[in-house]
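1. Predicted model and sequence follow; I will ask about them next.
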Amino acid sequence: MNAMLRVQDIHFKYGAVPVLSGISFSVGEGELCGLFGPNGSGKTTLFKCCLRFLHAEKGTVQMCGEDISQCSIEHLARVVAYVPQEHRPPFPYLVREVVLMGRTPHLGGFFGVKRRDKEIAMDALAALGITDLADRPYNHLSGGQRQMVLMARAIAQDTPILFLDEPTSALDFQNQMRIWEIMRDIAEDGKTILACSHDPNHVAWFCDRVVVVGDSRVVAEGEPASVISEEVLRMIYQDACSVRTLDGVQMVMPRCVTDRHGARERWVPGGERRETQLSIGVDVVPQNYQNYGETR
Amino acid sequence: MTESTGFKQFLTNLGYDHVEGFGEGRKIAVLVALAVLLFVTACIAVIVGAYDLTIADVYHTILVHLTLGDVTALPKLHNTIIWNIRVPRVLLAASVGGALAIAGAVFQGVFRNPLVEPYILGVSSGAAFGAALAIVFPAIFFSIQVSAFAFGALAVAMAYLLARVRGETPVITLILAGVIIGSIFAALVSLLKYIADDTALREIVFWLMGGFYYATWNDVILFVPLVLVSFFVLWALGWKLNILSMGDEEARTLGVNPEKYKIVVITFATAITAFAVSLVGIIAWIGLMMPHASRMILGPDNRFVIPASMMMGGCYLIICDTLARTLTTAEIPVGILTSILGAPYLCYLLRHKGKVIFE
């Protein structure tokens, strides 16, 4: 498979503090790759190095086979789109205008914005089911709504690679699932996505690959079933997690919760009706974790 | 109905694509209306003045000049008052008002702050120092205007260089640098006031209040083309300015190099501000109010805010200047009027629209 994104041996320091020391990984075309790691492990810094907000002191980043340090900002914006975590612009741009801004790398001419661009922007809003927000001022929306709008903007930008910085951090449960499924759909369309997340379950359920970053290096990399294991989680979260399998779906649960319930009666939500498939340990690899969308 | 589709057809012919829902048709209609308003205001302003002239006299004189007719046949007094005093004065007021308002819109966008005015980087203090220097030492600095422009531009350049760290100019550093440079020049102006003799002191104070007393065709010929060129450049960058106002990182990911475009728009906005200040002194509030008012009518999209601000700024300054020269027998410095008329508007903004505009 073509590696659309290839990060090689990135080193970065803030002053004297090393944040990234020798990070390497690659993401293939059409893959949804999760970037997972604890607070302060350098996920955002890695993003910023990849997007050239920061200059890595060593190492290269290639996108679509091009070394990004050779690309102009204008060109890079046609290759990679970025969904930032949270921000609030000072002016009350309408949602449709914010999404239209995603078309900027494709614009030219004096007035620039063509009918086609406006239609693409509206289609992106429709794809996320937030057409009703189109005429609301963007900076009056809730954090979750703003995240959805930024997602729509990235879709409108129509780039082969998307970077998402915790795209579901401010969303409610339903919208979290919606965003992850939309990311799956986008990846299925052949686009490459790198999304960082703090939820090991989301990463395990929806991603094709996972890169786990901890202590300024890559701790583990590969398929979520093998990477999101107690062994790896212990390296970054000490003893906080236990990994179980429920109905063939892998679940990471806080150990304090499993211990409490395990001590009581080994009760599993919904487990009364079905055959309980509760197993402890990492050697049970669920076969259908990747077909999440189809099992329902 | 037919008229509205005709209008849309006209715009489509110009290369503008209409899509329902973006409300751009309405915004363009508002821009056209503002242009008409500016024209009408200017036409009325040339009629009124201290010396009573009939409307027919005024337009006849202007018409003769515009059609390159026989100027010598006109009464000499009419010709002087209308063509050599009122017309350049109105044109200069319109272009200075427009320039300050454009610069205000641009600075507010770049600095991502709707409370910024064009003097934020120290143009006004620099120019004031330059002017005061030329007034106190006329032998060394022969022209007040050149000196004011040079020091105004110098102040901004100093602020920009002071704020530039490792190839980047973060907004907050830039604003602080502007404050620092501004206060240095303000202190130097005070020093000059202190050592100036009475006549010079009077002149400095008068200059600082701003006014169009000495407007001539020379000023108009120099300034109007500069404003028009800057306007078209900045207007063409309107969409990029929208992106810049989202922040540097956003701009980068959307393919707009923030450092490159910041320097371009700041250069143009500073050039017109410094030139305006050097011609007519420091006129406050226009650069802050007009972009606000435009945003209230048209929303924050700079492709519309920039032209709307220019035309509203032009109108406002024509009105203020006309009041300044007609309200009393002696002329009132226009800077005082723009402030007195502007303050209630800002109070209104603060009380009623504060939430929408500032949040």
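-> Arrived safely, thanks for sending.
2. Contact residues of the stretch 51-200 of chain B facing chain A?
-> Within the stretch 51-200 of chain B, the positions adjacent to chain A are B:Gly109, B:Arg112, B:Asn113, B:Pro114 by CB under 8 Å from any CB of the partner chain. Every residue, glycine included, has its C-beta placed from N, CA and C.
3. In chain A, what residue comes closest to chain B?
-> Nearest to chain B in chain A, going by CB to the nearest CB, is A:Ala77, at a distance of 2.8 Å.
4. now, which of the residues of the stretch 51-200 of chain B next to chain A sits nearest chain A?
-> Distances from chain A to those, taken by CB to the nearest CB, are shortest for B:Arg112, at 4.9 Å.
5. Then that closest one would be within a strand, right?
-> No: applying DSSP: H, G, I helix; E, B strand; the rest coil, one finds B:Arg112 to be coil, outside a strand.
6. wait, what's in contact with it?
-> By CB atoms under 8 Å, 6 or more residues apart in numbering or on different chains, the contact set of B:Arg112 is A:Pro89, A:Pro90, B:Val171, B:Leu244, B:Ser245, B:Met246, B:Gly247.
7. Can you tell me the element B:Thr61 falls in?
-> helix B:55-66 (DSSP states H and E).
8. tell me which residues of the helix or strand just after that helix are tucked away?
-> Moving toward the C-terminus from helix B:55-66, the next helix or strand (DSSP H and E) is helix B:76-78. Neighbour-count burial for helix B:76-78 flags B:His78 (criterion: 16 or more other CB atoms under 10 Å in any protein chain shown).
9. what do you get for stretch B:141-150?
-> If you call a residue buried by 16+ other CB under 10 Å, then stretch B:141-150 has these buried ones: B:Phe141, B:Ile144, B:Gln145, B:Ser147, B:Ala148, B:Phe149, B:Ala150.
10. residues from the stretch 101-250 of chain A in reach of chain B?
-> A:101-102, A:104-105, A:107, A:109-115, A:118-119, A:122, A:134-135, A:137, A:139-140, A:157.
11. Pull out the buried residues from those.
-> Using 16+ other CB under 10 Å, the buried ones in these are A:101-102, A:104-105, A:107, A:111-114, A:118, A:122, A:134, A:137, A:139, A:157.
12. quick one, what contacts B:Ala251?
-> B:Ala251 sits next to B:Ile243, B:Leu244, B:Asn257, B:Pro258, B:Tyr261 when contact means CB under 8 Å, 6+ apart.
13. Quick one: low-confidence residue ranges for chain B.
-> B:1-21, B:353-359 (pLDDT under 70).
14. same thing with the stretch 101-250 of chain A?
-> Regions of the stretch 101-250 of chain A meeting the criterion pLDDT under 70 cover residues A:108-112.
15. Show me which of the buried residues of stretch B:141-150 is closest to B:Val165.
-> Nearest to B:Val165 among the buried residues of stretch B:141-150 is B:Ala150, at 26.2 Å by CB to CB.
16. who touches A:Leu46 in this structure?
-> Counting by CB under 8 Å, 6+ apart, A:Leu46 touches A:Val7, A:Ile10, A:Leu20, A:Ile23, A:Leu35, A:Val213.
17. Out of these, which is nearest to A:Thr245?
-> Nearest to A:Thr245 among these, counting by CB to CB, is A:Leu35 at 23.9 Å.
18. Which residue is the nearest non-sequential neighbour of that closest one?
-> A:Cys196 (3.9 Å; CB to CB, 6 or more residues apart in numbering or on different chains).
19. pLDDT wise, what is A:Gly65 at?
-> Listed pLDDT for A:Gly65 reads 85.
20. contacting residues for it?
-> No residues are in contact with A:Gly65 under the rule CB under 8 Å, 6+ apart.
21. got the residue ranges for the strands in the chain?
-> This is for chain A. In chain A, the segments counted as strands under DSSP state E are A:3-14, A:17-28, A:32-36, A:58-63, A:66-67, A:80-83, A:161-165, A:192-197, A:209-214, A:217-222, A:241-246, A:249-254, A:279-280.
22. Quick one: residues contacting the nearest residue to B:Thr329 once chain neighbours are set aside.
-> Of all residues not flanking B:Thr329 in the chain, B:Ala50 sits nearest, at 7.3 Å (CB to CB, 6+ apart). Shown in contact with B:Ala50 (CB under 8 Å, 6+ apart): B:Arg325, B:Thr326, B:Thr329.
23. Inside helices: which ones of those residues?
-> Filtering the contacts of B:Ala50 for membership in helices, criterion DSSP state H, returns B:Arg325, B:Thr326.
24. I figured B:Gly210 hits B:Val334, correct?
-> Yes: using CB atoms under 8 Å, B:Gly210 is in contact with B:Val334, at 5.7 Å.
25. hang on, the earlier thing: mind putting the contacts of A:Leu46 in TSV, neighbour count included?
-> Shown next, in TSV, are the contacts of A:Leu46 (neighbours: other CB atoms under 10 Å in any protein chain shown):
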residue	neighbour count
A:Val7	24
A:Ile10	23
A:Leu20	27
A:Ile23	25
A:Leu35	28
A:Val213	24
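26. on that earlier part again, can you report how many residues neighbour the residue nearest to A:Leu35?
-> Using other CB atoms under 10 Å in any protein chain shown, the number of residues around A:Cys196 comes to 24.
27. beta partners of it?
-> In this entry, A:Cys196 is beta-bridged to A:Leu35, A:Asp165, by DSSP bridges.
28. so what's A:Met253 up against?
-> Here A:Met253 is in contact with A:Cys241, A:Ser242, A:Val243, A:Arg244 (CB under 8 Å, 6+ apart).
29. picking up where we left off before, look up how far B:Ser143 lies from the residue nearest to A:Leu35.
-> Distance of A:Cys196 to B:Ser143, given as CB to CB, to the nearest Å: 60 Å.
30. again with B:Ile120
-> 26 Å.
31. And the helices in the stretch 51-200 of chain B?
-> B:55-66, B:76-78, B:87-110, B:123-136, B:144-163, B:171-195, B:198-209 (DSSP state H, counting those that start in this stretch).
32. contacts for the helix holding B:Thr61?
-> Under the contact criterion CB under 8 Å, 6+ apart, helix B:55-66 has outside partners B:46-47, B:69-71, B:73-74, B:78-79, B:82-83, B:86-87.
33. mind checking how far B:Lys27 is from B:Pro307?
-> Look at B:Lys27 and B:Pro307: by CB to CB, they are 10 Å apart.
34. For these two, indicate the residue with more neighbours.
-> More neighbours surround B:Pro307 than the other of B:Lys27 and B:Pro307, with 26 against 19 (other CB under 10 Å).
35. about what we covered before: residues near the residue of chain A closest to chain B, how many?
-> In terms of burial, A:Ala77 registers 25 neighbours under the definition other CB under 10 Å.
36. what sits against it?
-> The contact partners of A:Ala77, taken as CB under 8 Å, 6+ apart, are A:Thr104, A:Pro105, A:Gln157, A:Thr159, B:Arg252, B:Thr253, B:Leu254, B:Gly255, B:Val256.
37. What is the most widely separated pair among those?
-> Using CB to CB, the two most remote members of those are A:Thr159 and B:Val256, lying 15.0 Å apart.
38. end to end, how far does stretch A:212-225 reach?
-> Criterion CA to CA, to the nearest Å; first-to-last residue distance in stretch A:212-225 is 13 Å.
39. of the contacts of B:Arg112, closest to A:Glu29?
-> Here the nearest of the contacts of B:Arg112 to A:Glu29, counting by CB to CB, is B:Met246; it sits at 29.5 Å.
40. Quick check, the closest one in contact with A:Pro89.
-> Yes: the criterion here is CB under 8 Å, and B:Met246 meets it with A:Pro89 at 5.1 Å.
41. Name the residue in those two with the higher neighbour count.
-> Using other CB under 10 Å as the criterion, B:Met246 and A:Pro89 rank with B:Met246 on top: 25 against 19.
42. Quick check: that one is in a strand.
-> No: using three-state DSSP, the secondary structure at B:Met246 is coil, not a strand.
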